[in-house]
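Enquirer: what follows is a predicted protein model with its sequence.
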Amino acid sequence: MNDYDALRDYLKKQHLPEFVLTFEEIEAIIDAALPRAAHRASWWETLRSPQEKMPQREACLEAGYIATRQADGKSVKFKRMPNRRPGERRDP
């Protein structure tokens, strides 16, 4: 189990096509502090450098969501991938 399995499981339970979570909410979900790197947009971008496997990106993709850090630098928007149902896995 990696640190972001809880985030994956949380996202799989969501039914909204998109929603925003603050870093504090994400930290509560994963029961850990996010690293400083989480403040960089590139850390969240699930479609950037797909060959570079990162656990937070994988968690989002496995749950069927694309993550984008918001301009406020303190929250992340999760948007359901097109033609995806919760829990359905497809490589980007």
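Expert: Everything's here; your move. This one's a predicted model, so the numbers in the text were calculated from it and none came from an experiment.

Enquirer: remind me which helix or strand the most centrally placed residue in the chain belongs to.
Expert: By Cα atoms, centre = their mean, the mean C-alpha position of the chain lies nearest to residue 60, the distance being 3.8 Å. Applying DSSP states H and E as the criterion places residue 60 in helix 55-63.

Enquirer: what about that helix, average pLDDT?
Expert: Helix 55-63 comes out with an average pLDDT of 92.

Enquirer: before we move on, back to that, who's in contact with the residue nearest to the centre of the chain?
Expert: 7, 8, 11, 44, 46, 66, 67, 78 (Cβ atoms under 8 Å, 6 or more residues apart in numbering). C-beta coordinates here come from the backbone N, C-alpha and C atoms, glycine included.

Enquirer: looking at these, which is nearest residue 29?
Expert: residue 7 (5.5 Å; Cβ to Cβ).

Enquirer: okay, the closest residue to the closest one other than its chain neighbours and residue 71: tell me how far apart.
Expert: Spatial nearest neighbour of residue 7, excluding adjacent residues (Cβ to Cβ, 6 or more residues apart in numbering): residue 59 at 4.8 Å. Per Cβ to Cβ, to the nearest Å, residue 59 is found 23 Å from residue 71.

Enquirer: who has more neighbours out of those two?
Expert: residue 59 (24 against 8; other Cβ atoms under 10 Å).
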